[in-house]
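> Okay, predicted coordinates and the sequence, questions at the end:
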Amino acid sequence: MAGLNGLRVVITGASSGIGAATAIAFAKRGARLVLGSRGEAGLEDIAVRCRNVGGIATARTVDVTDAAAVAAFAAAANDLLGGIDLWFSCVGVGVVGKYHDVPIADHARVIDANLVSHMNEAHAVLPIFLAQDRGTWVNMISVGGFVATPYAAAYAASKFGLRGFSEALRGEVSKLPHIHICDVYPTFVDTPGIDHAGNYTGARLSLPPGALAPATVAKAVVRLAKHPRNTTVVGAPAIALKLGQFAAPNLIAAVMNGFMDVWSARAGTGEDTTGAVYDPPAGPSGPDGGRRDPKRGQKAAAAGAAVVGLAGLGAWLWHRRR
C-alpha cells in the first residue's frame with residue numbers, strides 16, 4: 001500500500017487488539033496518527049510502537065461514550081493533523097453469559113461502548129468530512145452484525161445496530177462521492193479482548209480454532225484508505241453470511257446456542273468478572289492475544305470459511321424449497 005505517507009488517521013480503541021494493530025500498520029506506511037482510548041498506559045505503548053516503525057503518533061485519552069469528550073477529541077485531532085483523511089471507530093467491549101445471568105448495567109455498558117460511542121464518533125467527524133468534501137469513516141463491526149450471538153445478547157444488539165446505523169449514514173452521504181462509510185466484519189480475532197471481556201458463564205473463556213491475527217484485519221482496514229468499499233468481511237465469505245441471515249437466522253442462532261451450551265459445560269472453571277467493561281486495563285495489552293497456533297489457524301480458518309459457505313448455500317436452498 002504505497003502512497004499513504006502523511007495520511008491523516010484517527011483511531012479510537014487504539015490501545016489494544018485490532019485498533020492497536022491497525023495503528024502500527026498505518027504507521028509503517030508513514031501515516032500521521034492521533035490515537036484515542038481510555039487507558040493511558042496501553043495507549044502510550046502503541047504510540048511508541050508506531051513511532052518506532054516510522055509513523056508520527058499522538059496519544060489522547062478519551063471516553064468515547066461521552067459525546068462532548070469525543071467532539072473535543074475530534075476537534076483537537078483535526079487541528080493537530082490539519083484535517084482528517086480516515087477515522088477508524090474500533091472501540092468494543094463484550095460480556096459473555098446467558099442474558100438473564102448478566103447484570104442489566106453490564107448490558108447497558110456494552111450498548112454504550114459498542115453502539116453509542118460509534119454514533120458519537122461519526123457525529124463528531126462527519127462535519128469535518130463535509131467541510132473537506134472528503135473523508136473515510138471505517139466502522140468496526142464483526143460478523144456478529146450478521147449472525148446473532150447467544151450468550152452475548154447485548155453484543156449482538158450493538159453489532160446489528162451498528163450495521164443499520166452505517167447503512168443509514170451511507171444513504172445520507174450517497175450523493176457525496178468523496179465521503180465513504182466503510183464497514184468491517186471480521187470473524188473471531190485473537191486479541192486481548194477475550195481477557196478484557198465480562199464473564200458470567202462460570203467457565204474460563206477461550207477462542208475457537210481458526211481465530212485471525214489482528215494484523216490480518218488491520219491490513220484490510222489499511223486497504224480501505226485507498227480503496228474504500230461499503231462492506232469488508234475478513235475470515236468468511238460475505239455472501240454466505242448475508243444468505244444465512246436472510247434464509248435461516250433463527251437456525252444459525254440455535255446452532256450457536258447449542259455450541260455455547262456444550263462449551264460452557266466442558267470448559268475449565270472461571271470466576272464471574274466485569275473484566276475491563278467499566279475500567280481500562282492497568283497496563284499495556286498490545287495487539288495480540290497470543291492464543292492461536294498460526295499454522296493450525298490458517299487451516300481451520302479455511303475450513304471454517306468453507307463450512308460457512310456451505311451453510312449459507314444450504315439455508316438458501318432450504319428457503320427456496322419452502
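Structure received.
> can you tell me which strand in this structure is longest?
strand 179-186 (DSSP state E).
> Report the buried residues of stretch 200-212.
200-201, 203, 205, 207, 210-212 (16 or more other C-beta atoms under 10 Å). In this view, the C-beta of every residue, glycine as well, is placed from N, C-alpha and C.
> Would you pull up how far that stretch lies from the middle of the chain?
17 Å (C-alpha atoms, centre = their mean, to the nearest Å).
> do stretch 79-86 as well
Stretch 79-86 sits 22 Å away from the centroid of its parent chain (C-alpha atoms, centre = their mean).
> try stretch 105-112
Worked out by C-alpha atoms, centre = their mean, stretch 105-112 lies 16 Å from the chain centre.
> Same question for stretch 271-287.
Centre-to-centre, stretch 271-287 and its host chain are 17 Å apart (C-alpha atoms, centre = their mean).
> From the opening residue of that stretch to its closing one, how far?
Start-to-end span of stretch 271-287 (C-alpha to C-alpha, to the nearest Å) is 25 Å.
> which residues touch that stretch?
Defining contact as C-beta atoms under 8 Å, 6 or more residues apart in numbering, one finds that stretch 271-287 is touched by 15-18, 20-21, 24, 37-39, 41-42, 44-46, 93, 95, 106, 109-110, 113, 191-192, 195-200, 202, 214-215, 218.
> So which bits of it are buried?
Result for stretch 271-287 [16+ other C-beta under 10 Å]: buried residues 274-277, 280-281, 284-287.
> Just the buried ones from the contacts of stretch 271-287?
By 16+ other C-beta under 10 Å, those give 15-18, 20-21, 24, 37-39, 42, 44-46, 93, 95, 106, 109-110, 113, 191-192, 195-200, 214, 218 as buried.
> Among those, which are located in strands?
Applying DSSP E to these, the entries found in strands are 37, 95, 198-199.
> Make JSON lines out of the residues you listed and add distance to residue 232.
JSON lines is the format used below for those (distance: C-beta to C-beta, whole Å):
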{"residue": "37", "distance to residue 232": "23"}
{"residue": "95", "distance to residue 232": "26"}
{"residue": "198", "distance to residue 232": "28"}
{"residue": "199", "distance to residue 232": "29"}
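> Could you identify the pair within those residues that is furthest apart?
Within those, 37 and 199 form the most distant pair, 21.6 Å apart (C-beta to C-beta).
> In which helix or strand does residue 124 reside?
helix 117-132 (DSSP states H and E).
> Next, the angle strand 179-186 makes with that helix.
Orientation check (axes from the mean of the first three to the mean of the last three C-alpha atoms, to 10 degrees): helix 117-132 against strand 179-186 gives 150 degrees.
> OK, contacts around the residue lying closest to residue 94 once chain neighbours are set aside?
Spatial nearest neighbour of residue 94, excluding adjacent residues (C-beta to C-beta, 6 or more residues apart in numbering): residue 197 at 4.4 Å. By C-beta under 8 Å, 6+ apart, the contact list for residue 197 reads 93-96, 205, 275-277.
> Go again with 10 Å.
By C-beta atoms under 10 Å, 6 or more residues apart in numbering, residue 197 lies in contact with 93-97, 110, 152, 155, 205, 273-277.
> And for residue 161?
Residues in contact with residue 161 (C-beta under 10 Å, 6+ apart) are 111, 114-116, 118-119, 141, 145.
> next one: phi and psi at the residue positioned nearest the centre of the chain?
What sits nearest the mean C-alpha location of the chain, by C-alpha atoms, centre = their mean, is residue 140, with 3.7 Å. The phi and psi torsions at residue 140 (degrees, to the nearest 10) take the values phi -80, psi 120.
> Go ahead and confirm it touches residue 89.
Yes - the pair residue 140 / residue 89 is scored as a contact, 6.2 Å apart, by C-beta atoms under 10 Å.
> Mutual contacts of these two, please.
What both residue 140 and residue 89 touch, as defined by C-beta under 10 Å, 6+ apart, is the set 11-13, 19, 118, 162, 184.
> First-to-last residue distance for stretch 194-205?
End to end - C-alpha to C-alpha - stretch 194-205 spans 7 Å.
> average pLDDT across that stretch?
The average pLDDT within stretch 194-205 is 89.
> What of stretch 179-186?
The model assigns stretch 179-186 a mean pLDDT of 97.
> So what sits opposite the nearest residue to residue 85 once chain neighbours are set aside in the bridge?
In space, and not counting its chain neighbours, residue 85 is closest to residue 8: 4.6 Å by C-beta to C-beta, 6+ apart. Beta bridges link residue 8 to residue 32, judged by DSSP bridges.
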